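Trainee: Sequence below, structure please.
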Amino acid sequence: MKIEHKYDEIVEAMNSRFADWNRGSVIPWNEIELAMGRCRTGEGGWQIVNRFRRHLLKDREIATIVKDNIGIRLLMHEEAAAEIPGRRQKRAYRQVNRGLRETSTVNIGALKEKLRLTFVRQRENMIQHRLAIGRSNRSATKLVKASQTHPVRRLQLVG
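Mentor: Below you'll find the model as predicted:
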């Protein structure tokens, strides 16, 4: 038995309305809001938009980016490969930094031994994650930057 959600019909209508929009196009907000029958900032608007984006990702395998005053960009493969990892890594880096800042306020001496050992390991792991994310970001930017003396060759993927 499937549980019905109150926005299922709206999301289905949007899926069918935008079924022939392909990668590389931008669905403008006025079209989206017309299909939803409500403003994206109104009641349930962002929930519907996010469910529509989830449909695009899972069912049609199209990554999207929301642009504030423009609409939803349906990314080409090249755009997704270039933009998504950097955006997600930047967010992950900020989250790990926030976690390290917040956990630096903990008095380790006040913790029981088992919790102290777990806590110290978690902080060490967070530091390692931050280092790995930073390295990945730096290596990605090295591959992209070109100079007159060191041109970047196009990667040829096998398969």
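
Trainee: Quick one: the helices in this protein, in order.
Mentor: Assigned by DSSP state H, the helices in the chain fall at 8-17, 29-36, 45-58, 77-103, 113-144.

Trainee: For the helix or strand bottoming out on mean pLDDT in the chain, enumerate the helices and strands it packs against.
Mentor: None of the helices or strands of the chain scores lower by mean pLDDT, DSSP states H and E than helix 113-144, at a mean of 89. Applying 3 or more C-beta pairs under 8 Å, 6 or more residues apart in numbering; DSSP states H and E, we find helix 113-144 packed against helix 77-103. For glycine as for every other residue, the C-beta is placed from the backbone atoms N, C-alpha and C.

Trainee: gap between the residue nearest the centre of the chain and residue 133?
Mentor: Centroid-nearest residue in the chain, with C-alpha atoms, centre = their mean: residue 88, separated by 5.2 Å. Note on residue 88: its distance to residue 133, by C-beta to C-beta, to the nearest Å, is 10 Å.

Trainee: Kindly report the same for residue 36.
Mentor: For residue 36 relative to residue 133 (C-beta to C-beta), the value is 36 Å.

Trainee: likewise residue 24?
Mentor: Counting by C-beta to C-beta, the separation of residue 24 from residue 133 is 29 Å.

Trainee: what do you get for residue 107?
Mentor: 28 Å.

Trainee: again with residue 40
Mentor: Relative to residue 133, and taking C-beta to C-beta, residue 40 is found at 31 Å.

Trainee: Which one of the two is surrounded by more residues?
Mentor: Taking other C-beta atoms under 10 Å, residue 40 and residue 133 do not tie; residue 133 has more neighbours (20 against 16).

Trainee: what sits against residue 96?
Mentor: Going by C-beta atoms under 8 Å, 6 or more residues apart in numbering, residue 96 touches 126, 129-130, 133.

Trainee: can you pull the contacts of residue 28?
Mentor: Neighbouring residues of residue 28 by C-beta under 8 Å, 6+ apart: 70-71.

Trainee: Kindly report the same for the one 10 residues further on.
Mentor: By C-beta under 8 Å, 6+ apart, the contact set of residue 38 is 44-45, 48.

Trainee: Show the buried residues in the contacts of residue 96.
Mentor: 126, 129-130, 133 (16 or more other C-beta atoms under 10 Å).

Trainee: ok, the residues you listed vs residue 103, which is closest?
Mentor: The shortest approach to residue 103 among those belongs to residue 126, at 7.7 Å (C-beta to C-beta).
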